[in-house]
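Participant: for reference, the sequence and a predicted model appear below.
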Amino acid sequence: MLRIAVPNKGSLSGPAAEMLHEAGYRQRKDSKELVLVDAGNQVEFFFLRPRDIAIYVGSGRLDVGVTGRDLLLDSGAEAEEVLALGFAGSTFRYAGPVGTAKDVQDLKGLRIATSYPGLVRRHLAEHGVEASAVTRLDGAVETAIQLGVADVIADVVETGTTLRNAGLEIFGEPILESDAVVIRPKGAGDDTRVEQFLRRLQGVLVARRYVIMDYDIRAERVSDAVALTPGLESPTVSPLHSEGWVAVRSMVLRKEAQRIMDDLWAIGGRAILVTNIHACRL
Ligand SMILES: Nc1ncnc2c1ncn2[C@@H]1O[C@H](COP(=O)(O)OP(=O)(O)OP(=O)(O)O)[C@@H](O)[C@H]1O
Ligand SMILES: O=P(O)(O)OC[C@H]1O[C@H](OP(=O)(O)OP(=O)(O)O)[C@H](O)[C@@H]1O
Ligand SMILES: [Mg+2]
């Protein structure tokens with residue numbers, strides 16, 4: 001059985017469960033369940049703290065895991081990213097009271113609080129900067145400055161609201177852009193079970209990003225129309241019963257569907273229909 005680590009709590013857990021469900025896997029009904037066997041799909045899910053997932057997968061005890069790129073890199077575990085999942089996106093940034101620092105070089109001799117000391121130490125080392133301390137806190141790190149435990153913080157920023165509310169400003173380049181990711185032990189060899197798991201998730205990603213667009217167009221405009229809807233490889237063009245018309249079917253990016261419909265209409269496209277992709281393998 002394929003052994004998969006999934007987040008049991010926090011920002012990653014809800015969207016991860018939703019994605020696995022869309023990929024056809026059973027998911028737990030009770031948030032207190034720690035292990036779930038999906039016998040039909042020959043997988044076993046272990047619900048673990050997101051921060052611990054890279055350690056379990058890195059140890060080789062679990063075959064794959066879902067975690068955040070930032071958590072993976074912070075852990076220093078012997079695990080590697082194999083697929084980005086497009087949710088739980090964030091950036092990891094320095095922040096401090098207005099005017100404290102402009103970039104990473106200004107951190108020399110300052111005290112930094114963070115929940116991700118591995119990321120911060122590595123970033124400082126890469127820039128040859130010696131801070132006076134990097135203190136690991138579990139959360140609410142913004143308050144560490146107010147309470148005098150640190151001069152600046154490095155933290156996850158999603159909307160920026162928490163920092164703004166704490167009266168802190170972001171400075172310097174982003175330390176990292178993070179996303180939910182699938183990880184495997186470093187150097188793990190080919191495994192058809194893992195490949196099948198990844199193909200299922202890739203199918204969900206495509207079904208979320210793309211829609212199917214069908215439309216009719218006069219045959220002499222089909223090249224212009226196909227230029228608007230090139231599809232992933234090549235669109236399907238079929239003759240219509242009415243002389244001089246063809247039907248086109250193509251995948252288009254969901255976020256561009258309305259603009260493409262306008263453009264198709266303008267060149268004579270009619271009966272333009274957009275449908276969701278329920279599932280796919282490309
Ligand atoms: N607003 C956010 N706050 C925290 N983490 C976020 C946010 N948006 C995305 N993430 C990502 O979620 C992962 C952190 O999840 P984790 O469960 O450890 O923290 P959390 O969601 O803040 O939960 P908690 O602090 O309650 O334990 C990281 O990969 C992080 O980049
Ligand atoms: O940019 P924003 O949209 O405001 O989100 C980022 C904030 O959310 C998280 O805090 P969380 O609520 O998880 O509390 P914690 O610090 O105790 O983990 C994170 O640690 C940031 O503080
Ligand atoms: Mg948090």
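Facilitator: Arrived safely. Ligands and ions are numbered 1, 2, ... in the order given.
Participant: could you find the closest non-adjacent residue to the residue in the chain positioned nearest to ligand 2?
Facilitator: With distances taken as CB to the nearest ligand atom, the chain approaches ligand 2 most closely at residue 139, which sits 2.5 Å away. All C-beta spots, glycine's among them, are computed from the backbone N, C-alpha and C. Sequence neighbours aside, residue 115 is the residue nearest to residue 139 in space, at 6.1 Å (criterion: CB to CB, 6 or more residues apart in numbering).
Participant: one more: residue 109?
Facilitator: In space, and not counting its chain neighbours, residue 109 is closest to residue 132: 5.1 Å by CB to CB, 6+ apart.
Participant: and for the one you found, the neighbour number?
Facilitator: Neighbours of residue 132 under the rule other CB atoms under 10 Å: 11.
Participant: tell me if I'm right that it and residue 110 touch.
Facilitator: Yes. At 6.3 Å, residue 132 counts as touching residue 110 under the criterion of CB atoms under 8 Å.
Participant: just checking, next helix/strand downstream of the helix or strand hosting residue 19?
Facilitator: Assessed by DSSP states H and E, residue 19 sits inside helix 13-22. Reading on from helix 13-22 to the C-terminus, the next helix or strand found by DSSP H and E is strand 35-38.
Participant: quick one: buried residues of that following strand?
Facilitator: Neighbour-count burial for strand 35-38 flags 36, 38 (criterion: 16 or more other CB atoms under 10 Å).
Participant: so what strands line up beside that strand?
Facilitator: Taking DSSP bridges as the criterion, strand 35-38 sits next to strand 43-48 (antiparallel) in its sheet.
Participant: quick check: angle from the strand it pairs with to helix 13-22?
Facilitator: Interaxial angle, strand 43-48 versus helix 13-22 (axes from the mean of the first three to the mean of the last three CA atoms, to 10 degrees): 180 degrees.
Participant: give me the mean pLDDT for strand 43-48.
Facilitator: Taken as a whole, strand 43-48 carries a mean pLDDT of 98.
Participant: circling back: quick one: contacts for the residue nearest to residue 109?
Facilitator: 109-111 (CB atoms under 8 Å, 6 or more residues apart in numbering).
Participant: for it, phi and psi?
Facilitator: Listed backbone geometry of residue 132 is phi -80, psi -30, with angles given as degrees, to the nearest 10.
Participant: residue numbers of the stretch 51-200 of the chain in contact with ligand 1?
Facilitator: Contact residues, the stretch 51-200 of the chain versus ligand 1 (CB under 6 Å from any ligand atom): 51, 68, 70-71, 88, 90, 139, 156, 158, 178.
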